[in-house]
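Enquirer: Got a predicted structure plus its sequence, pasted below:
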Amino acid sequence: MSAQPAVPSVAIVVPCYNEEEILRDTCAELLQLLARLERDGTASATSKLYLVDDGSHDDTWALMEAIAAREPQVVAVRLSRNRGHQNALHAGLAQTVEDAVISIDADLQDGADNIVAMLEHFRDGSEVVYGVRTGRASDTLFKRFTAEGYYRVMERLGVDLVFNHADFRLLSRRALDALLQYPEANLFLRGMVRELGFRSSQVEYERRERAAGESKYPLRRMLSLAWSGITAFSSAPLRAITVLGLCASAFSFAVIAWVLVTRLFTDNAVPGWASILLPLLFIGSVQLLCLGVIGEYIAKLYEEVKQRPRYHIDQVRHAPGSDVRSADKTPAAASEPA
Ligand code: UDP
Ligand code: MG
């Protein structure tokens, strides 16, 4: 456990993609919260709100710029294009300098008030505080079923995840600096944070409905994140191929033995369509499946080996004189500080 400062500075990081409908309310609520925390002596006056525009196509950036010009506590960061939630969140985290850093979605479905409880855990010595949903009443039946099923599958595959924890969490400076050392391009932050260790705790909450706008996580993106999580943290599918291959070989040897016995020791040697076609199709399909899974891993290796920057920062806006990390300290240095 590291000694935390008496009054820590707090950063709240919010990735935003086409969030013009709710951005204003979200900012107002989070700034009010920061003001309250400062009054209570829970957060220092240097606390900040980081907004990351993940290449939105609507007026999100214009709104952010206006807010950052008006509010000295707001830092607005714009990525050069849409890079997805995990990358946008990472970009925001990498900008912070504060003692405690909280990430939350722009729709505040996770409830901004839960940050107060997270900071209490931080004060008591936790370096990682996971926001954990107690139920999924605000989800559709489909999402609830698939999401909970996914956590169970990940558990079976030996991936260490906090059940029903997404990306609402608090990280101490030390934990965040450790996280930022992970060089991988395929970000699955909830898995990476589990790798860190450090003293951790959980804050439970009931997730609310989205106030406005629609989910920026359609099924396609959800599946892609789920698959990233599996391939980035588990080699179980590779092992499954070996088992499958063994079973397929055992089956084909049995068929071969049967064909030989029929041919050599009986008169009814009629190896018909079925006995030729069935193993042929079976082995062919199993091989294709295996090649596909191996290909997935090779694709991931390829991406990692390239070591491309995860994102580029287009612009950073903040009120004149406010103390922020200069953009060239971020991992992707192609940025133009405003
Ligand atoms: N988001 C993002 N980039 C994307 C998609 C989403 O930064 O490409 C942000 C989005 O603005 C929100 C958060 O990620 O702050 C979670 O998205 P959303 O609330 O739509 O997901 P859901 O709650 O439906 O899972
Ligand atoms: Mg949401």
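Expert: Perfect, thanks for sending it. Ligands and ions are numbered 1, 2, ... in the order given.
Enquirer: C-alpha only now, for contacts and for neighbours.
Expert: Noted.
Enquirer: and Arg221, how far is that from ligand 1?
Expert: From Arg221 across to ligand 1, the span is 8 Å (CA to the nearest ligand atom, to the nearest Å).
Enquirer: For that residue, grab the count of nearby residues.
Expert: 13 (other CA atoms under 10 Å).
Enquirer: element containing it?
Expert: helix 219-233 (DSSP states H and E).
Enquirer: Name the residues of that helix that are buried.
Expert: Buried residues in helix 219-233, counted by 16 or more other CA atoms under 10 Å: Leu225, Ala226, Ser228, Gly229, Ile230, Thr231, Ala232, Phe233.
Enquirer: If you drop the residues flanking it in sequence, what lies closest to the first one?
Expert: Read that as Leu225. Leaving aside its sequence neighbours, Leu225 sits nearest to Phe188 (CA to CA, 6 or more residues apart in numbering; 7.4 Å).
Enquirer: hmm, back to that, by how many degrees do the helix or strand following the helix holding Arg221 and helix 219-233 diverge?
Expert: Reading on from helix 219-233 to the C-terminus, the next helix or strand found by DSSP H and E is helix 236-265. Orientation of helix 236-265 against helix 219-233 (axes from the mean of the first three to the mean of the last three CA atoms, to 10 degrees) gives an angle of 80 degrees.
Enquirer: for the stretch 101-250 of the chain, what spans make up the strands?
Expert: Assigned by DSSP state E, counting those that start in this stretch, the stretch 101-250 of the chain shows strands spanning 128-133, 165-172, 200-205.
Enquirer: could those be laid out in a markdown table, adding mean neighbour count?
Expert: Shown next, in a markdown table, are the strands of the stretch 101-250 of the chain (neighbours: other CA atoms under 10 Å):
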| stretch | mean neighbour count |
| --- | --- |
| strand 128-133 | 24 |
| strand 165-172 | 23 |
| strand 200-205 | 17 |
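Enquirer: Between those strands, which one is closest to Leu34.
Expert: Proximity to Leu34 (CA to CA) singles out strand 165-172 among the strands of the stretch 101-250 of the chain, at 14.6 Å.
Enquirer: Also compute the angle for the closest one relative to strand 200-205, please.
Expert: Inter-element angle recorded for strand 165-172 and strand 200-205: 130 degrees (by the same axes, to 10 degrees).
Enquirer: other SSEs contacting strand 165-172?
Expert: For strand 165-172, the packing partners by 3 or more CA pairs under 8 Å, 6 or more residues apart in numbering; DSSP states H and E come out as strand 100-103, helix 114-123, strand 128-133, helix 189-196.
Enquirer: okay, the ones you listed in TSV with mean pLDDT and distance to Asp59 next?
Expert: Listed next are the helices and strands packed on strand 165-172 as TSV, based on pLDDT from 0 to 100; distance: least, CA to CA, whole Å:
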stretch	mean pLDDT	distance to Asp59
strand 100-103	97	22
helix 114-123	96	28
strand 128-133	95	30
helix 189-196	90	28
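Enquirer: Of all those, which one is nearest Ser172?
Expert: Using CA to CA, these put strand 100-103 closest to Ser172, at 4.6 Å.
Enquirer: CA-only coordinates of that closest one in CSV, if you can.
Expert: Only the C-alpha atoms of strand 100-103 are listed here, as CSV (Å, rounded to 0.1, in the frame of the first residue of the first chain):
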residue,chain,number,x,y,z
ALA,A,100,-6.7,9.1,-8.3
VAL,A,101,-8.2,8.5,-11.8
ILE,A,102,-11.7,7.4,-12.4
SER,A,103,-13.1,6.2,-15.8
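Enquirer: Please say whether there is contact between it and ligand 1.
Expert: No: between strand 100-103 and ligand 1, judged by CA under 6 Å from any ligand atom, nothing touches; the nearest distance is 9.6 Å.
Enquirer: which parts of the stretch 51-200 of the chain sit against ligand 1?
Expert: Counting by CA under 6 Å from any ligand atom, the stretch 51-200 of the chain comes close to ligand 1 at Asp54, Asn82, Gly84, His85, Ala88, Asp105, Ala106, Asp107.
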